[in-house]
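*Asks:* Predicted model and sequence below, questions to follow.
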Amino acid sequence: MLVAVVFTILFGSLQPTPPDSLSLEYCYSQIESEYPLARQIDLQQQITDLNKRIANTASYPQLNFGVSASYQSEVAELQFPSNMPFSGPDLSKDQYKATMEVSQSIYNGGAVGIKKKLKDIEGQAQQKSTQIQLHKIKEQVNEVYFGILLAQQQLQIVGTMLKSLRAQLKSVHSKVKNGVLLADQQHILEAELVKAQQDSAEINSNIQSGYEVLGELIDEQVSSGTSLALPDYQVPANQQDSLVQLRPEFSLYKTNRRALDYQKELAQTNKWPSLSAFGTAAYGRPGFNVFENDLHPYYIVGLQVKWNLWGAKNAAIQQKVFSMQQKNIQQEERAFERQLRASLIKIRQRMKSLEDQITRDQQVIDLRQKVVKSVSSQMKNGAATATEYITELNKATQARLSMQMHKTELIRAKVDYHTTLGLSNNSTE
C-alpha cells in the first residue's frame, strides 16, 4: 500500500497540468508544431526526395532479365534432292533462351533533369497547400480565442446587470409589501432577473465549450480558469502593396506557374529525336543463327534513334495549353488579391468604427460618473436612496465594461488584419 502511494506521488505529479495563462502567439506556435497538418510538411518533403530519386533512375542504364522456354509444332526445314550427299540441319522444336538486355539513354533533350525539377516543384506545391490549410486553422483559433474573451467580458456585464436587478428587486419587494407598489412591478423585475440568469448560464456554457475547442486545436488541456492574454498588435500603415503578397496562396500561385514552365520545357523535349545505346546478351537456342542447334551464348549491340513525329507536332499544342493554364492561374491570383484587398478595407472600416465607439464610450463613462457623483451627494442629503445610487453605479460600470469590449473587438480586428495579410506575428517586416 505504501509503495502504491509513493508511486502515485512520484509519477502522478509528472502528468502535464493545464497552463495558467495562454497567449495568442503561443496558440499559433502550437498549431505550427503540434497540429497534424503541420507534420505533413516534413512527410511531403520526404515524399518529394523519394520521387526525385525515382525520376533520376531514368538516367541510369536500364537492365532487364528474362528467361523463356517453348515448344513448337514445326521448324524450318531445308529440302535437298535425295541423291545429294548431304541433308539440311535437324532443328529442335524445343527452344530455350536466357537474356540480359541493357539500354542507356544518350540524349533525350534533358527530359530527366526537367522531370526531377518538376517533382521538386510539385512537392513544394503540396507544402504550400498545407500552409494554406494551417493558415485557415489560425483563423479558427482567432475566432475561438476572441470568442472566449468577449464572452467573458459579456458575462461581467450580465453580472453587473444581475446585481442591479437584485438591488432593485429588493427595493420593489419592500414597497410591494408595504402596499406602495403593485405586485406586477415585482413580477416584471423577477422575469428580467430570470432572463439575465439564463443569459449568464448560456454565456458560461459558451465559454466552457470555447476552452474545449481551443484545447483541441492546440493539443493541450485548457481549463475554463485559464487566463487569455490580450495581444498588442499594430496595424501597418499604407503598406498593403508590399505586405499583401505574404499570404501562402500567392506562393502557391507562383509555384504552380513554375510547374507549368517545367511542363512546357518537358513538352519541348518531344520535338527532338532521342538517342540511346542498347545491347542484349543471351544464352540458349536457337540464336541469331537459326541453324545452330546447340545451346550457346550470343549477343547484339547497337545505337537507336527514335523520333515521334506526332509527338513533335503535339508538343507545340501542349505548350499552348500550359501557357493558357498559366493565364488562368494569373487570373485566379488577381481575383484572390482583389478579394483580399476588399477584406482589408472592410477590416479597416471596422477598426475605424470601433475607435469611434471607444471615443463615445469614454464620453458616456464621463457622463455616468457625473451622475454617480450627483446621486451620491443626493443620497447623503436624503434626496436619493441607496438603490438609486447602486443602479447608477452599475450603469457606470456597464459603460466601462462596454468600452472594454469595444477595445477587445478592436484588438480582434487588428489581429484579423494581420492574419488576412498573412503576417505570422506582430511584426510588419
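*Replies:* Sure, I can see it.
*Asks:* where in the stretch 151-300 of the chain is pLDDT low?
*Replies:* 181, 237-244 (pLDDT under 70).
*Asks:* mind listing the helices for it?
*Replies:* Under the criterion DSSP state H, counting those that start in this stretch, the stretch 151-300 of the chain contains helices at 183-218, 240-243, 248-269.
*Asks:* Where does pLDDT dip in the stretch 301-429 of the chain?
*Replies:* 382, 424-429.
*Asks:* And the helices in it, which stretches?
*Replies:* Using DSSP H, counting those that start in this stretch, helices in the stretch 301-429 of the chain cover 309-380, 386-421.
*Asks:* To Lys175, which of the ones you listed lies closest?
*Replies:* Set against Lys175 and scored by CB to CB, these come closest in helix 386-421, at 10.1 Å. For every residue, glycine as well, the C-beta is placed using N, CA and C.
*Asks:* quick one: buried residues of that closest one?
*Replies:* When burial is assessed from 16 or more other CB atoms under 10 Å, helix 386-421 yields the following buried residues: 387-421.
*Asks:* And the most centrally placed residue in the chain, how far from Ala38?
*Replies:* Geometric centre of the chain, nearest residue: Gln133, 1.5 Å, by CA atoms, centre = their mean. Distance of Gln133 to Ala38, given as CB to CB, to the nearest Å: 10 Å.
*Asks:* about what we covered before: so which of the helices of the stretch 301-429 of the chain comes closest to Gln154?
*Replies:* Ranking these by proximity to Gln154 (CB to CB) places helix 386-421 first, at 6.9 Å.
*Asks:* since we're on Lys264, how many residues are nearby?
*Replies:* 18 (other CB atoms under 10 Å).
*Asks:* I'd say it and Gln319 touch.
*Replies:* Yes. Contact status for Lys264 versus Gln319: in contact at 4.8 Å, counting by CB atoms under 8 Å.
*Asks:* Who does Val305 form a beta bridge with?
*Replies:* Beta-bridge pairing for Val305 (DSSP bridges): Leu275.
*Asks:* Could you pull up the residues touching it?
*Replies:* Each residue near Val305 by CB atoms under 8 Å, 6 or more residues apart in numbering is listed here: Pro273, Ser274, Leu275.
*Asks:* The last one reaches Ile106, doesn't it?
*Replies:* Yep, that's Leu275 we're talking about. Yes. The pair Leu275 / Ile106 is scored as a contact, 4.5 Å apart, by CB under 8 Å.
*Asks:* between those two, who's got more neighbours?
*Replies:* In this view Leu275 and Ile106 are compared by other CB under 10 Å, and Leu275 has more residues nearby, 15 against 11.
*Asks:* How about the contacts made by the more buried one?
*Replies:* Taking CB under 8 Å, 6+ apart, we find Leu275 in contact with Ser105, Ile106, Tyr107, Asn108, Leu303, Gln304, Val305.
*Asks:* Look up how far Val301 lies from it.
*Replies:* Taking CB to CB, one finds Leu275 at 14 Å from Val301.
*Asks:* Spatially nearest residue to Thr99, not counting backbone neighbours?
*Replies:* Ala282 (4.3 Å; CB to CB, 6 or more residues apart in numbering).
*Asks:* need the strands for the stretch 1-150 of the chain, in chain order.
*Replies:* Here the stretch 1-150 of the chain has its strands, by DSSP state E, counting those that start in this stretch, at 21-22, 62-71, 94-107.
*Asks:* re earlier: got a quick PyMOL command for the buried subset of the contacts of Leu275?
*Replies:* The PyMOL command for the buried members of those (criterion: 16+ other CB under 10 Å) is given here:
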select buried, resi 105+108
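*Asks:* Next, give me the two most distant ones among the contacts of Leu275.
*Replies:* Taking CB to CB, no two of these sit farther apart than Asn108 and Leu303, at 13.9 Å.
*Asks:* which residues are in contact with both of those two?
*Replies:* Listed contacts common to Asn108 and Leu303 are Leu275, Ser276; contacts here mean CB under 8 Å, 6+ apart.
*Asks:* Now distance to Tyr26 too, for the contacts of Leu275, in a markdown table please.
*Replies:* Formatted as a markdown table, the contacts of Leu275 follow (distance: CB to CB, whole Å):
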| residue | distance to Tyr26 |
| --- | --- |
| Ser105 | 54 |
| Ile106 | 58 |
| Tyr107 | 57 |
| Asn108 | 53 |
| Leu303 | 65 |
| Gln304 | 63 |
| Val305 | 64 |
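*Asks:* So which of the contacts of Leu275 is the closest to Ser129?
*Replies:* Using CB to CB, the contacts of Leu275 come closest to Ser129 at Asn108, 30.9 Å.
*Asks:* What about the residue lying closest to the closest one once chain neighbours are set aside, how many residues nearby?
*Replies:* Leaving aside its sequence neighbours, Asn108 sits nearest to Ser274 (CB to CB, 6+ apart; 4.6 Å). The number of residues packed near Ser274 is 17, by other CB under 10 Å.
*Asks:* hmm, back to that, now do the contacts for the residue nearest to Thr99.
*Replies:* Lys97, Ala98, Thr99, Met100, Pro297, Tyr298, Tyr299.
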